[in-house]
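J.: below are the sequence and a predicted model for it; my questions follow.
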Amino acid sequence: MVTGQVAAYVRVSSRSQTVETQTNAITRCAVARGDSVATWFSERASARTNDRPELARLRDEAQRGNFRKLYVYRLDRLCRTGIRDTLTLLQLLSHCGVEVCTVADGFDPSGPFGEVVVAVLAWAAQVERLAIGERIASARLRLADQGRSWGRPTKLDRSDVRALVAMASDGVSVRQLARDFGVPRSTVQDALRRSKLTQAGNPQKKFELKPPKKARGRE
């Protein structure tokens, strides 16, 4: 084993999340304990599976004896699929001589009551994950019953898109359309692309934006 080697594992579930909060908290905690994190395992993956590339690499590095201490923000960053999976992973790390330190859980997993606390936290994390899944499924059904689609609401309604397409056909630039409708240019371009308009009398020819006309007055 490499004496003094310290590692850390951070994980987020979605593209909109970042690991910055976890890495900052872990770094502060490690420094306070006189440690310096030499190896970071970082990934964006769902907690619904333990089949994660960085988690697999972590196991491999632990079995090779390449670090003796592992920092995590919370245990549910490592595992969130149930008590058995969490305890199995912690036992593997313990067998490899790895001490697990959590920053936000507020207890020592290697302490006398560590397994009991770990079991409770693992159960709570699994229940929370299941509850989140149920809430999402319920929200999807509710929107479907209302005739609405799931996902981020559009910034342009149908009447806006019709007006936007008409103005674009008349030569108004994408930049000006974005200003007039108060949306990003990418939203305007996406709306025009989705409209799949055809030019006069030719259903096979796709709509193309005309260059803006010079010195054109607005009515």
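T.: Looks like it arrived, so ask away.
J.: could you point out which element follows the helix or strand of the chain with the lowest mean pLDDT?
T.: Every helix and strand of the chain was ranked by mean pLDDT, DSSP states H and E. The lowest is helix 114-145, at a mean of 63. Going down the chain from helix 114-145, the next helix or strand is helix 158-169, by DSSP states H and E.
J.: would you mind putting the CA coordinates of that next one into PDB?
T.: Provided in PDB are the C-alpha atoms of helix 158-169 (Å, rounded to 0.1, in the frame of the first residue of the first chain):
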ATOM      1  CA  ARG A 158     -48.200  28.300 -31.200                       C
ATOM      2  CA  SER A 159     -49.400  31.800 -32.000                       C
ATOM      3  CA  ASP A 160     -45.900  33.100 -31.300                       C
ATOM      4  CA  VAL A 161     -44.400  30.500 -33.600                       C
ATOM      5  CA  ARG A 162     -46.800  31.400 -36.400                       C
ATOM      6  CA  ALA A 163     -46.000  35.100 -36.100                       C
ATOM      7  CA  LEU A 164     -42.300  34.400 -35.900                       C
ATOM      8  CA  VAL A 165     -42.400  32.200 -39.100                       C
ATOM      9  CA  ALA A 166     -44.400  34.900 -40.900                       C
ATOM     10  CA  MET A 167     -41.900  37.600 -40.000                       C
ATOM     11  CA  ALA A 168     -38.900  35.300 -40.900                       C
ATOM     12  CA  SER A 169     -40.600  34.700 -44.300                       C
END
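J.: list the helices and strands that helix packs on?
T.: Taking 3 or more CB pairs under 8 Å, 6 or more residues apart in numbering; DSSP states H and E as contact, the helices and strands that helix 158-169 lies on are helix 174-181, helix 185-195. Every residue, glycine included, has its C-beta placed from N, CA and C.
J.: report the inter-axis angle for that helix versus helix 185-195.
T.: 90 degrees (axes from the mean of the first three to the mean of the last three CA atoms, to 10 degrees).
J.: got the angle for helix 158-169 vs helix 174-181?
T.: Going by the same axes, to 10 degrees, helix 158-169 makes 150 degrees with helix 174-181.
J.: in helix 158-169, which residues are buried?
T.: Residues of helix 158-169 classed as buried: 161, 164, 165, 167, 168, 169 (neighbour count, 16 or more other CB atoms under 10 Å).
J.: quick check, the fourth one in contact with residue 178.
T.: Right, residue 167. No: with contact defined as CB atoms under 8 Å, residue 167 does not reach residue 178; the gap is 11.4 Å.
J.: how is the protein carved up into domains?
T.: Following automatic domain parsing, the chain resolves into domains at 6-131, 154-212.
J.: return the most buried member of the ones you listed.
T.: domain 6-131 (a mean of 16; mean count of other CB atoms under 10 Å).
J.: residue 63 reaches residue 93, doesn't it?
T.: No: assessed by CB under 8 Å, residue 63 is found out of contact with residue 93, at 9.5 Å.
J.: count the residues that sit near residue 144.
T.: Per other CB atoms under 10 Å, the neighbour tally for residue 144 reads 11.
J.: what would the buried residues of helix 158-169 look like in a markdown table with distance to residue 51 and pLDDT?
T.: A markdown table is the format used below for the buried residues of helix 158-169 (distance: CB to CB, whole Å; pLDDT from 0 to 100):
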| residue | distance to residue 51 | pLDDT |
| --- | --- | --- |
| 161 | 42 | 83 |
| 164 | 45 | 81 |
| 165 | 46 | 85 |
| 167 | 50 | 86 |
| 168 | 47 | 85 |
| 169 | 50 | 83 |
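J.: alright, that wraps it up for me.
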